[in-house]
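# Quick one: sequence and predicted model below, then my questions.
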Amino acid sequence: MSRFARAAVTVIAALTLAAAHAQGRPVPVNPPKLGPKVSSVTQNANAAALAAQLVGPGVTISNARFTGNANAAGTFVGGSASVGIDTGVVLSTGWAEDARGPNQASDWSEIMNTPGDGQLDALVFPEVTYDAAILEFDVTPLANTIAIRFVFASEEYQEFVGSSFNDVLAILVNGVNCANYNGRPVSVNSINADVNAALFINNEGGSRNTEFDGLTVQLDCVAAVTPGVPNRVRIAIADTADPIYDSGVFLASGGVRSPGGGPVTGSNVIKAIEYYHAGFNHYFVTTIPNEIALLDAGAFAGWARTGKAFNVFVLGTAGTVDVHRYFSSALVSTMISTHFTRRTPPKRRR
């Protein structure tokens, strides 16, 4: 006789697709830019000047730092009709000035030859990131929440939605990412014409005067903070799986403000860890912290991490299907007889 335990995870097909490592893509050749239409972008990697432009009501900003290629950051004006934000800061995985329109190519790419980012890698595991552009600063707020207004855009739309080329954005406040919608970190695979479609604008036809083939509507990242003291904000964007097909984030002037308004935009994503037992020739996967701690401590002899993992959603996340996990009553202590199914478990035999 068997018994089953309902796992506290749900698996989404879009995330599972990321486990298939990227196949190499040829590097596109960009056509000459016709002229600025955003209306204009000025490349500027001066972190203090960029951060100062973001100061809104109820906050002060200090101790700014930019990491990445100097050409990957800048400021823009006249963006209301194109990206929905009139003025602000742009960070890109390519040249910041290439964010301007018109949309001349479906694969605009600049290889910046800069590294990715470990915190972004964790969001797109098992893939890795490239050409990260990172702006970070301290925010001292008046209230216990802050909001940061932004638009995410990418050349990966629509051809590579659902693939490993899942360019990603994170806005970390005191180490916690608040750039999430419906619990999903903001990326090509989490906001597009099929997923969170109400938040997405398709620009393949070039109706918006920006080079990017797709972009989000204006979004607010809302985070819990400690009022009256510095709280560290880290805004990072990167290419995923290869360094081509640029992506960018537009940050609104005055868009960092306190209080934030609305609920905290938290993540429902956690990581499932894979283990292997050579003697049993068996794999075991879990997201449960107590099980992970016991396995890592050697409480079940012979089990070791394989180094592989994948992202899953916590139980109850909208748009997901629950996973059930089964154990053998006789072998539960060894954990060698588990398996998963997305179907409703079968009825027990009497």
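Yes, it's here. Residues are numbered from 1 along each chain as shown.

# who does residue 249 bridge with?
Beta-bridge pairing for residue 249 (DSSP bridges): residue 91, residue 152.

# Now do the contacts for it.
90, 91, 92, 150, 151, 152, 153, 169, 235, 237 (C-beta atoms under 8 Å, 6 or more residues apart in numbering). Bear in mind the C-beta positions are built from the backbone N, C-alpha and C, glycine included.

# low pLDDT regions in the stretch 151-300 of the chain?
Applying pLDDT under 70 to the stretch 151-300 of the chain flags no residue at all.

# out of the contacts of residue 249, who has the most neighbours?
Greatest neighbour count in the contacts of residue 249, by other C-beta atoms under 10 Å, goes to residue 237: 34 neighbours.

# I figured it hits residue 251, correct?
No: the pair residue 237 / residue 251 is not scored as a contact, 10.4 Å apart, by C-beta atoms under 8 Å.

# quick one on the thing from earlier: which two in the contacts of residue 249 are spaced the farthest apart?
Using C-beta to C-beta, the contacts of residue 249 span at most 14.3 Å, a distance reached by 153 and 235.

# Can you work out which residues contact both of residue 237 and residue 251?
Common neighbours of residue 237 and residue 251 (C-beta under 8 Å, 6+ apart) are residue 91.

# can you give me the helices in the stretch 101-250 of the chain?
Counting by DSSP state H, counting those that start in this stretch, one finds helices in the stretch 101-250 of the chain at the ranges 118-124.

# what's near enough to touch residue 149?
85, 218, 219, 220, 251, 252, 255, 256.

# ok, now with 7 Å
By C-beta atoms under 7 Å, 6 or more residues apart in numbering, the residues touching residue 149 are 218, 220, 252, 255.

# now do residue 56
So residue 56 contacts 254, 255, 256, 257 (C-beta under 7 Å, 6+ apart).

# What of residue 308?
When contacts are counted by C-beta under 7 Å, 6+ apart, residue 308 touches 126, 274.

# go on, residue 256?
The contact partners of residue 256, by C-beta under 7 Å, 6+ apart, come to 54, 55, 56, 59, 61, 139, 146, 148.

# Burial check on the fourth one, number of neighbours?
When you say that, I think you mean residue 59. 23.

# Now do it against residue 143, distance only.
Distance from residue 59 to residue 143, counting by C-beta to C-beta, to the nearest Å: 9 Å.

# hey, what's in contact with both of those two?
Jointly contacting residue 59 and residue 143 under the rule C-beta under 7 Å, 6+ apart are residue 258.

# Quick check, residue 99 in contact with residue 210.
Yes: counting by C-beta atoms under 7 Å, residue 99 does reach residue 210; the two are 5.9 Å apart.

# Let me see the contact set for residue 99.
So residue 99 contacts 38, 41, 76, 90, 92, 210, 211, 212, 248 (C-beta under 7 Å, 6+ apart).

# got a pLDDT number for the first one?
Translated: residue 38. Note on residue 38: pLDDT of 47.

# Same question for residue 335.
pLDDT at residue 335 comes out at 55.

# Make 17 the starting number, not 1.
Sounds good: first residue 17 from here, last item residue 351.

# Identify the residue spatially nearest to residue 200, adjacent ones excluded.
Nearest non-adjacent residue to residue 200, counting by C-beta to C-beta, 6 or more residues apart in numbering: residue 206, 3.9 Å away.

# Double-check the one you found against residue 199; I have them as touching.
No: assessed by C-beta under 7 Å, residue 206 is found out of contact with residue 199, at 9.3 Å.

# can you list the domains in this protein?
18-26+283-357, 50-273 (automatic domain parsing).

# okay if I get these as a markdown table plus distance to residue 41?
Listed next are the domains of the chain as a markdown table, based on distance: least, C-beta to C-beta, whole Å:
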| stretch | distance to residue 41 |
| --- | --- |
| domain 18-26+283-357 | 23 |
| domain 50-273 | 6 |
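
# out of those, deepest packed?
Of all the domains of the chain, domain 50-273 has the most neighbours on average by mean count of other C-beta atoms under 10 Å, namely a mean of 21.

# quick one on the thing from earlier: identify, from the contacts of residue 72, the entry nearest to residue 315.
residue 272 (45.6 Å).

# give me the element the closest one is part of.
Following DSSP states H and E, one finds residue 272 within strand 263-273.

# mind checking how far that strand is from the chain centre?
Taking the mean of its C-alpha atoms, strand 263-273 sits 16 Å from the chain's own mean (C-alpha atoms, centre = their mean, to the nearest Å).

# How about stretch 199-211?
The answer for stretch 199-211 is 9 Å, by C-alpha atoms, centre = their mean.

# if we look at that stretch, which residues are touching it?
Contacts of stretch 199-211 (C-beta under 7 Å, 6+ apart): 30, 139, 168, 170, 172-174, 176-178, 182-186, 193, 195-197, 212, 215-216, 218, 230, 232, 283-285, 329, 333.

# before we move on, the earlier item: would you turn the contacts of residue 72 into a markdown table with distance to residue 247?
Below are those laid out as a markdown table (distance: C-beta to C-beta, whole Å):
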| residue | distance to residue 247 |
| --- | --- |
| 270 | 18 |
| 271 | 16 |
| 272 | 11 |
| 273 | 13 |
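
# how about the strands in the stretch 17-166 of the chain?
Using DSSP state E, counting those that start in this stretch, the strands of the stretch 17-166 of the chain run over 18-27, 56-59, 75-83, 89-93, 104-108, 145-157, 161-170.
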